[in-house]
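>>> Just need the structure, nothing else, for what follows:
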Amino acid sequence: MFTNHIGKPTHPTVDHEMWKSLLKRAGVRDARLHDARHTAATMLLVLKVPLPAVMEIMGWSDAAVAKRYMHVPNELVAAIAQQVTDLLWTTGAVPDDDGYDAARLTDDQRTAVRRLTDALPEPWRSRFAALLDEDGEDGPTSVLVTP
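As a prediction, this is how the structure comes out:
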């Protein structure tokens, strides 16, 4: 609740007009004041604020409310996909100054591929297993491209 200069509650009309004025001055699209709660909840998600803290900030007593208010942005989904990609595949094929070949799988990546491989049906299991072959190429194209 917002108050006026003498401590009384702000009239809803005044509150509404102030909100619309703020949106216009900020140069953003027109929106309901309630939409700002969705934006706030989504920004807390993007900032990786733990759910109990989000609930406290937003005034929620039930975690199920988060599903209605927190919207997963496409950029967040893309970032998660990139993290998974980075776990499995390295990029570049030129050794750095220390002689490290960035095109080779790391031990952690190799372990992740083994776990994935165990869960796959044939013929994918053998194709992914080829990733772990020390004599072959480490990388997605060597096992995923059908000859």
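
>>> Residue 65 is in contact with residue 51, correct?
No. With contacts counted by CB atoms under 8 Å, residue 51 stays clear of residue 65, the gap being 10.5 Å. (Each C-beta comes from the backbone N, C-alpha and C, glycine too.)

>>> What sits closest to the residue nearest the centre of the chain if chain neighbours are left out?
In the chain, the residue lying closest to the centroid (CA atoms, centre = their mean) is residue 76, at 2.9 Å. Excluding its sequence neighbours, the residue lying closest to residue 76 (CB to CB, 6 or more residues apart in numbering) is residue 46, at 6.1 Å.

>>> Can I get the host helix or strand of residue 83 as PDB, trimmed to CA atoms?
Following DSSP states H and E, one finds residue 83 within helix 74-88. Output of helix 74-88 as PDB, limited to C-alpha atoms (Å, rounded to 0.1, in the frame of the first residue of the first chain):
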ATOM      1  CA  ASN A  74      13.900 -17.900 -24.000                       C
ATOM      2  CA  GLU A  75      17.300 -16.500 -23.200                       C
ATOM      3  CA  LEU A  76      17.500 -18.500 -19.900                       C
ATOM      4  CA  VAL A  77      16.500 -21.700 -21.800                       C
ATOM      5  CA  ALA A  78      19.200 -21.000 -24.400                       C
ATOM      6  CA  ALA A  79      21.800 -20.400 -21.700                       C
ATOM      7  CA  ILE A  80      20.900 -23.700 -20.000                       C
ATOM      8  CA  ALA A  81      21.200 -25.500 -23.400                       C
ATOM      9  CA  GLN A  82      24.600 -23.900 -23.900                       C
ATOM     10  CA  GLN A  83      25.800 -25.100 -20.400                       C
ATOM     11  CA  VAL A  84      24.800 -28.600 -21.400                       C
ATOM     12  CA  THR A  85      26.600 -28.200 -24.700                       C
ATOM     13  CA  ASP A  86      29.700 -26.900 -23.000                       C
ATOM     14  CA  LEU A  87      29.600 -29.900 -20.600                       C
ATOM     15  CA  LEU A  88      29.600 -32.400 -23.500                       C
END
